[in-house]
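K.L.:
Got a predicted structure plus its sequence, pasted below:
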Amino acid sequence: MDREGLLRSLAARVSDQRVLEAFATVPRELFVLPSMAAAAYEDAPLRIGPGQTISQPAVVARMCELLELKPTDRVLDVGTGSGYHAAILSRLAGRVWGIELDEQLALRAARTLLRAGIENVSVVSGDGAAGLPELAPFDAINVAATATGQVPPALEEQLAPGGRLVAPVATADGESLVLVRRLVDGLRREALEAVRFVALR
């Protein structure tokens, strides 16, 4: 599948036009291994290193849509990986901070984002479950690795009033996306569709 084919496929499932436009402007081939470039626009996760993958575009699109991003939003991207999800977020929000446990992968993501001409994303190496409290609060938090049992409390604490967080969470019932909103009276959590991600380490 080429980029146009992927965009047609996403358009059948994604109603947010800004999300579709973001996918149209980010070259996914830059964010995959050179050996996987021919498969860059397949709607599938691809290996980017030992135990690491770049997420399936349809899942990335769904998560971006759930975050309801505004052009002024400050966003935290947990489990940045190769930087692709952060690149999509950068087209939808004002500023993105990515956090990636693997230091070499974080450096590679930062370099790739610059190669792609994306200047409103900063990538650091660190514990994603701890977030970046020194830069909080965030209007939106995207988590691209599976937490066990619940969304890490430190991440929920870093949500601004009205903030949204989306994360895959594994429980005894399976793994699913969870959407968290910070409302006036506290946090509201909603379990959504089944997904599969690498584990949040």
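P.N.:
Received the coordinates, thanks.

K.L.:
Give me the buried positions along stretch 19-31.
P.N.:
For stretch 19-31, a neighbour-count test (16 or more other CB atoms under 10 Å) marks 19-20, 22-23, 26, 28, 30-31 as buried. Backbone N, C-alpha and C define where each C-beta goes, glycine included.

K.L.:
Any chance of a markdown table for those, columns distance to residue 5 and pLDDT?
P.N.:
A markdown table is the format used below for these (distance: CB to CB, whole Å; pLDDT from 0 to 100):
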| residue | distance to residue 5 | pLDDT |
| --- | --- | --- |
| 19 | 17 | 97 |
| 20 | 14 | 96 |
| 22 | 17 | 97 |
| 23 | 12 | 97 |
| 26 | 16 | 97 |
| 28 | 12 | 96 |
| 30 | 18 | 96 |
| 31 | 18 | 97 |
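
K.L.:
out of those residues, which one sits closest to residue 50?
P.N.:
For these, the minimum distance to residue 50 (CB to CB) is 16.9 Å, reached by residue 31.

K.L.:
how much space between the spatially closest residue to the closest one that is not a sequence neighbour and residue 121?
P.N.:
Take residue 31 and drop its neighbours on the chain: the residue closest to it by CB to CB, 6 or more residues apart in numbering is residue 84, 3.9 Å away. With the distance defined as CB to CB, to the nearest Å, residue 84 ends up 11 Å from residue 121.

K.L.:
of those two, who's got more company?
P.N.:
Remark: of residue 84 and residue 121, residue 84 carries more neighbours, 27 against 23, as counted by other CB atoms under 10 Å.
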